[in-house]
Each structure stands twice: as C-alpha cells, then as structure tokens.
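requesting a structural model of the entry that follows:
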Amino acid sequence: MAGSVQQQMETAKLQLVQELEIEMLSDLYNRMTAACHKKCIPPRYKDAELGKGEAVCLDRCVAKYLDVHERIGKKLTQLSMQDEDFMKKMQAEQSKS
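As a prediction, this is how the structure comes out:
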C-alpha cells in the first residue's frame, strides 16, 4: 500500500513538472513571437508574404532567442546543482554536531 501511495506521488510530481515545462515553453514561444514580430515586421504590411529581409531577420531573431534561453537554462541548472550540493554539505555538518 505504501508503494502505491509513493508511486501516485511520483506520478503527480512528474505530471506537475510536465505541466510546468509546457507552460514555460508556451510562454517562451509567445514572448519570442511577439518580440521577433515587433522587431522584424513593419506595422503596415505591404505584401501578404514575408520579404527576404523579414524572413532573415526572423530566423536570426528566433535563433538568438533560443540560444539565450538555452544558456539561461544551463546556468540555472548549474546554480540549482550548486545550491543542492551546498544544502547537502550543510546537512552533513549539522548531523556531525
């Protein structure tokens, strides 16, 4: 019975992580779309299709946005791991006392 409760808690945690990931990626997409649209596409449309300059600008904007997002994610993961290591050291020192 305890295993079943633990398994349900793990499933709930996993579902929460998945929902947060979807929410985060949705927010990233919405912000990226708005920022790159504002930067690369003039407010008054001349043509129904993107011009070459607009398309190149959008490609570069999206690439930069995703690169920065990846770098931030790596840095946050690194900081989180450092915090976790620090907490483990603190707990170990407290248990020795």
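
which helix runs longest in the chain?
helix 52-96 (DSSP state H).

report the mean per-residue pLDDT for that one.
The average pLDDT within helix 52-96 is 89.

check stretch 32-43 too.
Stretch 32-43 comes out with an average pLDDT of 94.

can you tell me the helix or strand for the residue with the shortest distance to the centre of the chain?
Most central residue of the chain, judged by C-alpha distance to the mean C-alpha position with CA atoms, centre = their mean, is residue 24 at 5.3 Å. Using DSSP states H and E, residue 24 maps to helix 2-40.

for residue 69, give its distance to residue 40.
According to CB to CB, to the nearest Å, residue 69 stands 18 Å off from residue 40. Backbone N, C-alpha and C define where each C-beta goes, glycine included.

for the two, indicate the residue with more neighbours.
residue 40 (19 against 15; other CB atoms under 10 Å).

what's the spacing between the more buried one and residue 58?
5 Å.

check residue 67 too.
15 Å.

ditto for residue 96
Residue 96 is 57 Å from residue 58, by CB to CB.
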